[in-house]
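Colleague: sequence first, predicted model second:
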Amino acid sequence: MNNFTGNFTTPEASTNSTTDSFWLLESLEMFMCSINLLFGSPVHSYVIWLIVTGTGSGVASEFFILNLSVCEIGNCLNCLFNIMSVFFQRISKLPIFLLGLFYTGRPLFQCLMCVERYLAVVHPVTFLKYKPLRYRVICCAAAWILVLGSCFCCLFIVYAKHVQIHSQLFSLQFLLALSIQLFCLVAVLRALKRSGPGERGREEENPMKRRAMENRKRKRELSEDLRTKIVEKYQQSQGYKSISRDLDVPLSTVRNMIKKFATHGIVANLPGRGRKRKIYERLQRRIVRMVDKQPQTSPKEIQAVLQAQGASVITPYILKHGAI
C-alpha cells in the first residue's frame, strides 16, 4: 500500500506540470517574437529605403530583395500580433493567417533570388534576355498569389485541426525550396571554379612561347640603380653568379655591365651617333629660300624642282622644313 502510494501521481500534479511546460514554451515564443520584432523591423525597413531611394543598384536589379524585405516586414508584424493576441483574443486569427508569409513567402523569394543569380552566372545570355523589370514583376505577382493562398491554407488547416496535413504540406514545401537553393548554389560555385577562356589559354600555352616571353622579360633595359648595385656588389668581391642570383639578372648582363664599367667608368648608356638626318642643312636652306621667294608654291612643285636638280625629297619633309 505504501509502495502504491509512493508511485502514484495525482491528476492535480500532472495538470500543474503540463501548465508549467506550456507557460515555458509560450514565454520562449514571446521572447523570440520580441527579438525578431526589435531587430528585424528596422533592418528590413532600412533595406527597403535604400532600394527605393536608389542608393543601391536600383529597383530593377534588386526587385526580388525588395519583395523579400516586404515579406520580412510582414513576419515582424506577425510577431507583434502574436504578442498582442495573448492579451486580445479578438486578433488571435490574424497571426495564424500571416503564417503563410513565414512558410511560403520567405523561401519562395529566396528561391527567386537564387535562380536569378544562377542565370546570371551560368546562363548569362538567358539572364540578359529576361533582365527587364516586367519579368521580375510577373514572377513576384505569381509569388504573392501563392503566398496569399498559403495564408488562407494555414487558417483553414489550423481551424479544421488537420495538424498532420499541415506538417506534411509545409515540410514538403521547405524541402523543395531547400533543394532549389542548393542546386543553384552548387551550380554557381562550379561555374566560378572553372577557369575562363583567357585563363584556359594561358594554362595550355606552348612551352616555346612561354620561354620566349621569359627571354623577352630578361632583355628589358636595366635601371640605373640596378646597374649601380651590380657594380657595388662586384667591388665587394662578390662573384658573377652570386650577383646574378641575388638581383635576378642574367649572368651575361652582369658580365657585360662590369666590363662596361671597367672600360668607360660609367654605368649609364653611352652616347651614340644618333639617328641619321634624312635631309641635309644645305638642302633644307634651299627649300626655305624657295618658299620665301614664292610662298604660293605647292610642295609637289618644290619636289619636282629639286628632283630636276638631282635631289630626291618626299613631300612630308618639304612641309616640315619649309613650314608651308
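Modeller: Sure, I can see it.
Colleague: CA only for contacts and neighbour counts going forward, please
Modeller: Fine.
Colleague: domain parsing for this structure?
Modeller: Following automatic domain parsing, the chain resolves into domains at 22-193, 221-264, 281-322.
Colleague: next up, phi/psi of residue 88, please.
Modeller: phi -120, psi 100 (degrees, to the nearest 10).
Colleague: burial check on it, number of neighbours?
Modeller: Residues within reach of residue 88, counting by other Cα atoms under 10 Å, total 11.
Colleague: circling back: adding mean pLDDT and distance to residue 270, write the domains of the chain out as TSV.
Modeller: Below are the domains of the chain laid out as TSV (pLDDT from 0 to 100; distance: least, Cα to Cα, whole Å):
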stretch	mean pLDDT	distance to residue 270
domain 22-193	84	52
domain 221-264	83	9
domain 281-322	71	26
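Colleague: can you say which of these is packed in most?
Modeller: Between these, domain 22-193 has the highest mean count of neighbours, a mean of 16, where neighbours are mean count of other Cα atoms under 10 Å.
Colleague: quick one: stretch 26-34 to chain centroid distance?
Modeller: Stretch 26-34 has its average C-alpha position 39 Å from the chain's average C-alpha position, going by Cα atoms, centre = their mean, to the nearest Å.
Colleague: secondary structure element for residue 59?
Modeller: Counting by DSSP states H and E, no helix or strand carries residue 59.
Colleague: what sits against it?
Modeller: In this structure, residue 59 makes contact with 51, 52, 66, judged by Cα atoms under 8 Å, 6 or more residues apart in numbering.
Colleague: cool, residue 90 as well?
Modeller: Taking Cα under 8 Å, 6+ apart as the definition of contact, residue 90 has no neighbours.
Colleague: swap the cut-off to 10 Å and go again
Modeller: Contacts for residue 90 (Cα atoms under 10 Å, 6 or more residues apart in numbering) come out as residue 84.
Colleague: cool, residue 162 as well?
Modeller: residue 156.
Colleague: from residue 142, how far off is it?
Modeller: Distance, residue 162 to residue 142, using Cα to Cα, to the nearest Å: 27 Å.
Colleague: equivalent analysis for residue 102, please.
Modeller: Residue 102 sits 17 Å away from residue 142, going by Cα to Cα.
Colleague: element containing the residue nearest to residue 63 when sequence neighbours are not counted?
Modeller: Closest residue in space to residue 63, ignoring its immediate chain neighbours: residue 136 at 7.0 Å, by Cα to Cα, 6 or more residues apart in numbering. Using DSSP H and E, residue 136 falls within helix 133-160.
Colleague: what distance separates that helix from the centre of its chain?
Modeller: The offset between the C-alpha centroid of helix 133-160 and the centroid of the whole chain comes to 33 Å, using Cα atoms, centre = their mean.
Colleague: quick one: list the elements packing against it.
Modeller: In terms of contact count using 3 or more Cα pairs under 10 Å, 6 or more residues apart in numbering; DSSP states H and E, helix 133-160 is assigned the packing partners helix 63-84, helix 93-97, helix 99-100, helix 106-122, helix 163-193.
Colleague: wait, which of these is closest to residue 149?
Modeller: Closest to residue 149 of the helices and strands packed on helix 133-160 is helix 99-100 (Cα to Cα; 7.9 Å).
Colleague: check what contacts the closest one and list those residues.
Modeller: Residues outside helix 99-100 that contact it (Cα under 10 Å, 6+ apart) are 74-75, 78-79, 105-106, 146-155, 170.
Colleague: residue 243 against residue 249, yeah?
Modeller: Yes. The pair residue 243 and residue 249 qualifies as a contact (Cα atoms under 10 Å) at a distance of 7.8 Å.
Colleague: for the two, list the residues in contact with both.
Modeller: Taking Cα under 10 Å, 6+ apart as the contact definition, residue 243 and residue 249 share the neighbouring residues residue 230.
Colleague: on that earlier part again, can you list the helices and strands packed on helix 133-160 in a markdown table and add distance to residue 253?
Modeller: As requested, the helices and strands packed on helix 133-160 are exported to a markdown table (distance: least, Cα to Cα, whole Å):
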| stretch | distance to residue 253 |
| --- | --- |
| helix 63-84 | 61 |
| helix 93-97 | 82 |
| helix 99-100 | 77 |
| helix 106-122 | 49 |
| helix 163-193 | 42 |
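Colleague: what's the closest of these to residue 37?
Modeller: Comparison of those against residue 37 by Cα to Cα identifies helix 63-84 as nearest, at 5.0 Å.
Colleague: just the CA coordinates for the closest one, please, in CSV.
Modeller: The C-alpha trace of helix 63-84 is given here as CSV (Å, rounded to 0.1, in the frame of the first residue of the first chain):
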residue,chain,number,x,y,z
PHE,A,63,13.4,43.8,-57.1
PHE,A,64,13.4,40.3,-55.5
ILE,A,65,15.3,41.7,-52.5
LEU,A,66,12.7,44.4,-52.2
ASN,A,67,9.8,41.9,-52.1
LEU,A,68,11.7,39.7,-49.6
SER,A,69,12.2,42.7,-47.3
VAL,A,70,8.5,43.5,-47.6
CYS,A,71,7.7,39.9,-46.7
GLU,A,72,10.0,40.0,-43.7
ILE,A,73,8.3,43.2,-42.5
GLY,A,74,5.1,41.2,-42.6
ASN,A,75,6.7,38.5,-40.5
CYS,A,76,7.8,41.1,-38.0
LEU,A,77,4.2,42.4,-37.8
ASN,A,78,3.1,38.9,-37.3
CYS,A,79,5.3,38.7,-34.3
LEU,A,80,3.7,41.9,-32.9
PHE,A,81,0.2,40.4,-33.5
ASN,A,82,1.3,37.2,-31.9
ILE,A,83,2.3,39.1,-28.7
MET,A,84,-0.9,41.1,-28.7
